[in-house]
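Novice: just to be clear, the model below is a prediction. Sequence and coordinates:
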Amino acid sequence: MARVGVVGYGLAGEVFHCPLIDATPGLELAAVVTGDAGRASRARLRHPGVRVVPTFERLIRDGDDIDLLVVATPNRLHLPQARAGLERGWHVVVDKPLALSAEQGEALAEIAQARGLLLSVFHNRRWDDDFILVKSVIGSGRLGTIRVLESRFERWRPRLREEGWRDTSSPEQGGGLLLDLGSHLIDQALELLGPPESVYAELRRRRGGAADDDCFLALRFGDGALGLLHMSAVAAALGPRFRVLGMAGAIETWGLDPQEERLRRSVAPDEWLAGPAGPEHRAEFLHQGQTSGGGEELTLPAGSYSRFYVAMEAALRGLGPVPIPVSAGIRALRVIEGARRSAVTNEVVHLGAVDAG
């Protein structure tokens with residue numbers, strides 16, 4: 001049984017990591033780090049027997065029983081806390097993004113390799129039901145040559161949330177949508193289409209805060225495919241989650257995978273399949289010339305973020321690779337850095353050889 005310490009009990013720690021770890025045979029949630037009294041009470045209530053530690057430094061000092069550290073804190077803390085965990089001799093999972101820059105991510109990878117430790121990044125959206133479906137349809141060849149991949153994470157939150165670090169921190173401090181939702185969209189696009197050759201980006205601050213909240217990226221791939229990625233907190237009308245156009249057909253998906261919403265309601269992972277996602281979450285295959293709503297309805301497969309920790313537990317026992325290689329986190333950060341340069345210069349930025357991971 002591998003014992004896990006989770007540092008951070010905000011959205012990532014409370015909603016995602018701790019429930020998934022609890023649901024994974026072979027993993028034991030041993031410690032949660034939070035200095036917030038309310039979060040500490042919730043951790044004890046939801047995870048009886050867990051050791052609640054007030055500071056990360058205390059966990060480093062007293063964590064001789066920890067095998068795996070999960071870093072689920074604000075983005076600016078990912079590098080120092082993951083590095084401290086590796087130097088302590090722990091295997092490490094870092095919530096996305098891996099770090100604030102590709103250089104920081106490479107530094108973590110070097111430490112892990114030198115010490116013979118496992119390091120993975122939590123790009124959990126690879127286990128969204130719609131992404132699994134889109135990847136399968138592309139792989140089947142049914143769409144023909146891919147021309148355009150459109151991918152969106154859009155929300156309608158016109159007011160800044162003053163209590164949220166993602167909205168109030170500058171990009172240099174880890175805030176903004178590009179590092180948040182953009183990390184997912186970029187990782188998925190690279191998984192579907194391979195390494196991009198160039199990026200053009202527009203990063204806006206529509207609500208007047210320090211963080212980017214309305215972003216657009218155009219990725220150009222070597223075979224001529226184009227990836228159009230939209231992430232916004234101020235989208236008054238939501239577009240399709242995926243729209244992939246090929247020379248033989250297209251696929252559209254609408255709505256969001258229900259896993260996050262169910263986790264927020266404290267629905268246990270083994271109960272996720274108890275009911276349908278709802279009619280607003282759908283997918284269809286479109287033949288050339290058809291419009292949305294007139295195509296062949298496709299069945300969305302079951303998504304499962306639990307697969308990340310199932311694979312991580314197996315990797316800890318030497319039975320397979322980590323679920324997401326650290327190289328994937330680094331390649332996403334390289335695209336993010338290129339996007340920031342493009343937004344400043346208003347020019348296309350050539351990325352060179354982005355490691356496919």
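Specialist: All right, it came through fine. Computed from a predicted structure; not experimentally measured. Residues are numbered from 1 along each chain as shown.
Novice: and residue 215, that one's in a strand?
Specialist: Yes - the assignment for residue 215 is a strand, going by DSSP: H, G, I helix; E, B strand; the rest coil.
Novice: okay, the residue nearest to residue 155 when sequence neighbours are not counted and residue 318: tell me how far apart.
Specialist: The shortest distance from residue 155 to any residue other than its chain neighbours is 5.2 Å, reached at residue 233 (Cβ to Cβ, 6 or more residues apart in numbering). C-beta here means a position set from N, CA and C on the backbone, and glycine is covered the same way. Per Cβ to Cβ, to the nearest Å, residue 233 is found 42 Å from residue 318.
Novice: and these two? Which one has more around it.
Specialist: Per other Cβ atoms under 10 Å, whichever of residue 233 and residue 318 has more neighbours is residue 233, with 27 against 7.
Novice: which residues does the residue nearest to residue 155 contact?
Specialist: Each residue near residue 233 by Cβ atoms under 8 Å, 6 or more residues apart in numbering is listed here: 155, 156, 157, 158, 167, 177, 206, 207, 213, 214.
Novice: what's the following helix or strand after the strand or helix carrying the fifth one?
Specialist: Here residue 167 is covered by helix 165-168, with elements defined by DSSP states H and E. Beyond helix 165-168 on the C-terminal side, the first helix or strand identified by DSSP H and E is helix 181-193.
Novice: can you tell me what sits against that next one?
Specialist: 96-97, 123, 125-126, 131, 134-135, 138, 146, 149, 151-153, 196, 215, 217, 219, 221, 225, 227, 229, 231, 328, 331-332, 335-336, 339, 354, 356-357.
Novice: taking these one by one, which sit in helices?
Specialist: Those of the contacts of helix 181-193 mapping onto helices are 131, 134, 135, 138, 328, 331, 332, 335, 336, 339, per DSSP state H.
Novice: for burial, what's the neighbour tally of the last one?
Specialist: When counting by other Cβ under 10 Å, one arrives at 27 neighbours for residue 339.
Novice: sec struct for the residue nearest to residue 264 when sequence neighbours are not counted, please.
Specialist: Counting by Cβ to Cβ, 6+ apart, residue 264 lies nearest to residue 15, which is 5.6 Å off, once chain neighbours are set aside. For residue 15, the assignment made with three-state DSSP gives helix.
Novice: you'd agree residue 160 is in a strand?
Specialist: No - the assignment for residue 160 (three-state DSSP) gives coil, which keeps it out of a strand.
Novice: determine the number of other residues adjacent to the residue nearest to residue 264.
Specialist: Residue 15: 18 surrounding residues under other Cβ under 10 Å.
Novice: could I get the pLDDT score of it?
Specialist: Residue 15 is assigned 95 on the pLDDT scale.
Novice: show me what contacts it?
Specialist: 260, 263, 264.
Novice: angles on the backbone of the nearest residue to residue 118 once chain neighbours are set aside, please.
Specialist: Of all residues not flanking residue 118 in the chain, residue 91 sits nearest, at 4.1 Å (Cβ to Cβ, 6+ apart). The phi/psi pair for residue 91 (degrees, to the nearest 10) reads phi -70, psi 150.
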